[in-house]
Structures are given as C-alpha cells and as structure tokens.
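Peer 1: Take this sequence and fold it.
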Amino acid sequence: MKWQVKAKAPSAFFKKFPEFSPLIIQLLYNRGIKTQQQIDEFFNSDFNSDLHDPFLLKGMKKAIKRIKQAIKKKEKITIYGDFDADGVCSTAIIYLTLKELGHKKIDIYIPDREKENHGLNEKSIKKIAKAGTKLIITVDCASSDLEEVDLANSLDVDVIITDHHQTGKKLPKTVAMVNPWQKDDKYPFKKLAGAGVAYKVACALLPDQDPFKKWLLDLTALATVADVMPIVGENRTLVKYGLGVLAQTKWIGLQELMRISKVEPEVIQDSLDGEAPSTNLDTYTLGFVLGPRLNAASRMDHASRAFHLLISQDRKEAEKLSKGINQKNSLRQNLTSKVVREIEGRLEKDISKGGISKIIFEGSPDWPVGLVGLIAGKMADKYRRPAVVYYQKGDLIYASCRSIPQFDLIKMLDKCAHLFDDYGGHKGAAGFRVDVSNLDQVKNIFNKLVEKELEDKDLTPVLETDAELFLEDIDWQNYDQIQMFSPFGRNNDKPKFLARKLEICSLKTVGNGDKHLKMELMMFGKSNKSKKFNAIAFGFGEKEEILKKGQLIDIVFEIIVNQWNGYRGLEMKIVDLKITQ
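Peer 2: Next up is the predicted model:
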C-alpha cells in the first residue's frame, strides 16, 4: 500500500486563522473549509439555522397538500419502503409522523430482499390497492418506477415518491415527487439520505416549532451514516444533533437495540445555548454497531422485523425483537466469514496457478442472497479489483457488484443491458438479475471490458494521510481541536497522520487469537526530546514475527485517548506500519 500525505496548505492560509494550531488549519484546508463562514458553519452546527426550509424541495408543497387531504378524509395510506437500514428508518419516520398527527389508517410495505427487488413491483401494487389504500408514499425508492406508478394510477391509487437516488430523464406520473436530484430542484443540499428526505417531509407536515421534529433526529442520523452518506453540510447537522437525541431516545426499540449491542449511551454535556448535546456516542456506533443489526433483519429474514422494533411501544416486544435481530446479525457475520473464506480458497488456487483475472466473478446457490453485496465489497477491497458475487435460485442469477475507484460499474453493466432481466446502481456499487443461460456470455463481456479498461492502470491502493506529525504536535490542545471535527464519516474521515522513525520499546500480541499488536513506541523530537506512547494495531498480530525491540518503524495512525482507572493519556491507533528503510 502506498502512503500519500495531502498537499500542504499555502503559507498565507496559516496566517488567516491564528486562533487554531497549524495542524488544525491544515485539517481545515484538507477538507476544503477555507473561509471564516465555512469554519463557523462546520464547527458550530445549529439546528435552527443550518437546516434548510423543506419547502425548497421541488414537489414538497404538492406532496404535503395530498397527504393532509388523505388525513382529513381518513384515507388509508401505505408507506412503501426499502429493506436496508435507510429504508427502514425512512419508513419509521413517516409512520411515526402520521401517528403523531392522529392518522390511524396507516399500512406499510417493505419488499422481501430475496423474493422482490428494490422499489415498487406489479404484485405489491395490486395487493396494496386491493387492501383499500388510496395513497402510497414511497421512501428511499421508486424514482425510476414508471410502469409501476402507471399501474397504481390505473387502480385509483395516488403515489407520492420521496427518494434520494438519481432520477432518469423520464419521471413517473406521480401526484408529487420529492427528490433533491430531480431536474430544476433548487434545494441547497443534494446529498441527503432517503431518511433525510423523509425527515424533511415530516418537518413540512408537522407544525412549526413542534418538538416532535427533534425526536426523529436519531432515526435520521442512524440512516444517514448507515447509508454511507457524506457527513458534511446539512447531514453534519442532522447527525450531530441526532447523536445527542439518540443518547436520550424516546423510542423503546432503539433503547433495546443499544442495550443488546452493549451500547451504554451517556449525555456528557446538555445543550446550553441550542448546540447539540455532547455524548459518548459517535458515527461508529451508528455505522458499525446499530446499522448492521438493522440491515441483518432483511439480509437474514425480513426488514419488517427491524421496522416493528423501531416503532414498538411495548418493552417486552422490543426486547424480543432486538434479541432476534442481534442473533440474525451474529449469524450474518458467521456466514459472511464462511463465504469469504470459500472464495479466498478458490482465488488462492488460481493465484498459485499463475494469477487471477482483473475481475472477481464468483457465485453459488448455497450463498445467502442478502450477503452477496457485503461479500463483493470485501473481495473488491482485499484484491483491489471489481468483484461480482452472485446467488443462484433456479434459473435466475442475483448478482451484486462492487468496484474500485479506477473502474465504472455502470459502463460495464450497460454493455450487457440486453441480457439482463433487471439491473441498476452506480459506478461503485450495483447489481443485476439474469437468466442462468446468459451467465457465461455476461461473464465473458465483463472480463474483456475489465481487462481492457484496467490494462495500464496502477491498482495499488493509496492510504492518504492529513499531515506528517512530529513529537511537538501530539498534545492535548491538538487532540481537543481535532474532536471539533466530529462527527466523522464520508468526506470528513477521522484524521490520519504519518510519523517516521519511532523506536519499538516493547511489543506483544493481544486479543482473541492474538490478532492484535500492542506496542510501546519511542517518538523523538527536537532538541533531543523524546516520549513514549502506547500504540495498538488491530489485526496486525502476525507482524510480531518480523518486528523486534529496538527496531525503527514508520506508521500511519490516529490519535486516541485511553482512559482507565483514573488514568487519561494520548495513544496511537495504528492504521498501517512499515519498517523504516
């Protein structure tokens, strides 16, 4: 892996903001935050001033008018969601809002991940219409479902689409579409999650200054991070306040999900002047603890279990649902590891025979369809090439694709459009469904295109660092100012730093199976100064065989705090290491 330090900010930029240390100014520059106004907005998120008017979204006025009409006439409304964490949270946000407004005739429909695809389908539309629904509100889906909306219209069912996916040139004939990506939409921030759009609908429906709006922020933040949306702009404000709400959530289901996940929320500092409460929760809690559990419901069973957990008002029911979802998540983890090992075994055989092709293309009727996307992502990350992983059911192939920055998946899928039953996605993640009789033809087209496109491209992964640090840079002032950059996430990663020529004072493996490496490192500064730091390198246990006391190493690391038994000290979380050359 190549290491690359981001370009240093111009000297004039360092002089503009004397209240910050040079390191913090460099971090601001790396994130494109270059004016006083941008700095103020970034560091001082404000719920009342930083969230845009929901009625700036194209179609919002029509959508709200039709929903209020349905409430007044006591029509049956069906909320039609997606089966991932974003879709489930979006469904819960609209459901809870309608309940808060006193509407009682509400139904929900979330497709089965294995039996149905994303979005509306003919069978579900007919079922919903037959049950007496007069209005469908989609969340996190359906921007491209032209024929399905036409069918609903023909059955005297109105459709409002709320979504955050890219739209096509032709739009469905809906009562209203609320999607920041549609043409001529003037909304200032485009990168909302599906739940972010649903939250804007909820805000438009609820009275001004209604406190219920804030109680929906935990679901909005959870979905935003779980769906890997950029944590910048309006999303930053939603997530920052959402974490504060989550620490004191009123939703019993989230309380039980945190409890079963061994998350113990704590409000460290209450909101004093309208700022977000400070808590011990972070985006890791959302993206790697709670989000995967909500996703596990649909991957291993059905997403409706996660939805019912989120809206539950009964403690025993919520406890039972959270336990079941947690068990499904454990099963998901075990099955994922098993399939990954199986694919790695196949690939290692190919490597021993002379190498593997520039695209991974593997599948089996024994692999759970809900896991193929996860597994494709792991393969693409490890082997640095596009990966296609599929599940076969009868004569149909259900495939998920994941890519690397150097290759556009949609370009590849478009070449086989005539062979697919269905396909979609974006350049980094996509999927398709195809008859098994066409599989070899698809595979051949993929192989040829990938070989051609990647022939002269360097596929070596690059690890970017924010700056090279020296002993004098690692202090509590810099640490505290780095924490001002949280919540971290996409487009605002936790800062990573480079340090050179640290001496290993001690090292040992720790953790289950000795998977991790714990070290004490001596860092040398100016004027013969030096200081020892504790360091942890997760997943680097095998490196103990090639490292030894007294050796000098270069590291990429994050600055962390270790608090234990009254002790509080700065430590290093190692991301990568190399023996000093």
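Peer 1: Specify the next element, helix or strand, located C-terminal of the longest helix along the chain.
Peer 2: The residue-count maximum for a helix in the chain (DSSP state H) belongs to helix 315-352. Helices and strands here follow DSSP states H and E; after helix 315-352, the next one along the chain is strand 360-364.
Peer 1: Which strands or helices does that next one pack on?
Peer 2: Counting contacts by 3 or more C-beta pairs under 8 Å, 6 or more residues apart in numbering; DSSP states H and E, strand 360-364 is packed against helix 315-352, helix 372-383, strand 387-393, helix 439-453. Glycine gets a C-beta too; all of them are placed from N, C-alpha and C.
Peer 1: repeat that for 10 Å
Peer 2: Using 3 or more C-beta pairs under 10 Å, 6 or more residues apart in numbering; DSSP states H and E as the contact test, the elements touching strand 360-364 are helix 315-352, helix 372-383, strand 387-393, strand 396-402, helix 439-453.
Peer 1: Dump the C-alpha coordinates for it into PDB.
Peer 2: Provided in PDB are the C-alpha atoms of strand 360-364 (Å, rounded to 0.1, in the frame of the first residue of the first chain):
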ATOM      1  CA  ILE A 360     -13.600 -11.500  -9.500                       C
ATOM      2  CA  PHE A 361     -16.700 -13.400 -10.600                       C
ATOM      3  CA  GLU A 362     -17.900 -16.000  -8.100                       C
ATOM      4  CA  GLY A 363     -21.300 -17.500  -7.100                       C
ATOM      5  CA  SER A 364     -23.200 -20.300  -5.600                       C
END
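Peer 1: what's the angle between it and helix 439-453?
Peer 2: 160 degrees (axes from the mean of the first three to the mean of the last three C-alpha atoms, to 10 degrees).
Peer 1: Pull out the buried positions in strand 360-364.
Peer 2: Ile360, Phe361, Glu362, Gly363 (16 or more other C-beta atoms under 10 Å).
Peer 1: Using a markdown table, lay out these together with distance to Gly370 and pLDDT.
Peer 2: Formatted as a markdown table, those follow (distance: C-beta to C-beta, whole Å; pLDDT from 0 to 100):
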| residue | distance to Gly370 | pLDDT |
| --- | --- | --- |
| Ile360 | 19 | 94 |
| Phe361 | 20 | 95 |
| Glu362 | 17 | 95 |
| Gly363 | 14 | 94 |
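Peer 1: For the longest helix of the chain, which residues meet the burial criterion?
Peer 2: 318-319, 321-322, 324-326, 328-329, 332, 335-336, 339-340, 343, 347.
Peer 1: helices or strands up against the helix or strand harbouring Leu222?
Peer 2: Secondary structure assignment for Leu222, by DSSP H and E: helix 217-226. When contacts are defined as 3+ C-beta pairs under 10 Å, 6+ apart, helix 217-226 sits against helix 85-100, helix 194-205, helix 233-246, helix 252-260, helix 283-284, helix 291-300, helix 304-311.
Peer 1: starting at the chain centroid, how far to that helix?
Peer 2: 9 Å (C-alpha atoms, centre = their mean, to the nearest Å).
Peer 1: on that earlier part again, would you mind telling me which of the helices and strands packed on strand 360-364 is nearest Lys501?
Peer 2: Of all these, helix 372-383 sits nearest to Lys501, with 29.6 Å by C-beta to C-beta.
Peer 1: nearest spatial neighbour of the residue nearest the centre of the chain, skipping sequence neighbours?
Peer 2: What sits nearest the mean C-alpha location of the chain, by C-alpha atoms, centre = their mean, is Val228, with 2.3 Å. Distance criterion C-beta to C-beta, 6 or more residues apart in numbering; nearest residue to Val228, sequence neighbours excluded, is Arg490 at 5.5 Å.
Peer 1: Neighbours of the one you found, how many?
Peer 2: 17 (other C-beta atoms under 10 Å).
Peer 1: and if you look at Ile125?
Peer 2: Count around Ile125 with other C-beta under 10 Å applied: 27.
Peer 1: Roughly how far does it sit from Lys173?
Peer 2: As judged by C-beta to C-beta, to the nearest Å, Ile125 and Lys173 stand 14 Å apart.
Peer 1: need the helix or strand of this protein with the lowest average pLDDT.
Peer 2: Ranked by mean pLDDT, DSSP states H and E, the weakest helix or strand in the chain is strand 420-425, scoring a mean of 86.
Peer 1: In it, which residues are buried?
Peer 2: Buried residues in strand 420-425 (16+ other C-beta under 10 Å): Phe420, Tyr423, Gly424, Gly425.
Peer 1: that older thread, from memory the residue nearest to Val228 sits against Val232, does it?
Peer 2: Yes - in this structure Arg490 lies within contact range of Val232 using C-beta atoms under 10 Å: 8.3 Å.
Peer 1: so what sits against both of these two?
Peer 2: Common neighbours of Arg490 and Val232, using C-beta atoms under 10 Å, 6 or more residues apart in numbering, are Lys191.
Peer 1: quick revisit: can you give the distance of the longest helix of the chain from its chain's centre?
Peer 2: 18 Å.
Peer 1: quick one: that helix to helix 304-311, angle?
Peer 2: Going by the same axes, to 10 degrees, helix 315-352 makes 140 degrees with helix 304-311.
Peer 1: Check which helices and strands helix 315-352 sits against.
Peer 2: Partner elements for helix 315-352 (3+ C-beta pairs under 10 Å, 6+ apart): helix 252-260, helix 291-300, helix 304-311, strand 360-364, helix 372-383, strand 387-393.
Peer 1: Which among the ones you listed is found nearest to Leu281?
Peer 2: Among the helices and strands packed on helix 315-352, helix 252-260 sits nearest to Leu281 (C-beta to C-beta), with 8.7 Å.
Peer 1: Tell me the helix or strand right after that closest one.
Peer 2: strand 267-269.
Peer 1: so what does that following strand touch, helix or strand wise?
Peer 2: helix 233-246, strand 278-279.
Peer 1: Please report the distance of the residue nearest to the centre of the chain from Leu286.
Peer 2: Taking C-beta to C-beta, one finds Val228 at 11 Å from Leu286.
Peer 1: Please enumerate the shared neighbours of the two.
Peer 2: With C-beta under 10 Å, 6+ apart, Val228 and Leu286 have common neighbours Gly489.
Peer 1: and the direction of the helix holding Leu222 versus that of helix 85-100, what angle?
Peer 2: On the basis of the same axes, to 10 degrees, helix 217-226 is oriented at 160 degrees to helix 85-100.
Peer 1: could you dump helix 217-226 to PDB, C-alpha only?
Peer 2: What follows is helix 217-226, C-alpha atoms only, in PDB (Å, rounded to 0.1, in the frame of the first residue of the first chain):
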ATOM      1  CA  LEU A 217     -33.300  13.000  14.500                       C
ATOM      2  CA  ASP A 218     -31.900   9.800  16.000                       C
ATOM      3  CA  LEU A 219     -33.500   7.700  13.200                       C
ATOM      4  CA  THR A 220     -32.400  10.200  10.600                       C
ATOM      5  CA  ALA A 221     -28.800  10.200  11.800                       C
ATOM      6  CA  LEU A 222     -28.700   6.400  12.000                       C
ATOM      7  CA  ALA A 223     -29.900   6.000   8.400                       C
ATOM      8  CA  THR A 224     -27.600   8.800   7.100                       C
ATOM      9  CA  VAL A 225     -24.500   7.100   8.500                       C
ATOM     10  CA  ALA A 226     -25.600   3.500   7.700                       C
END
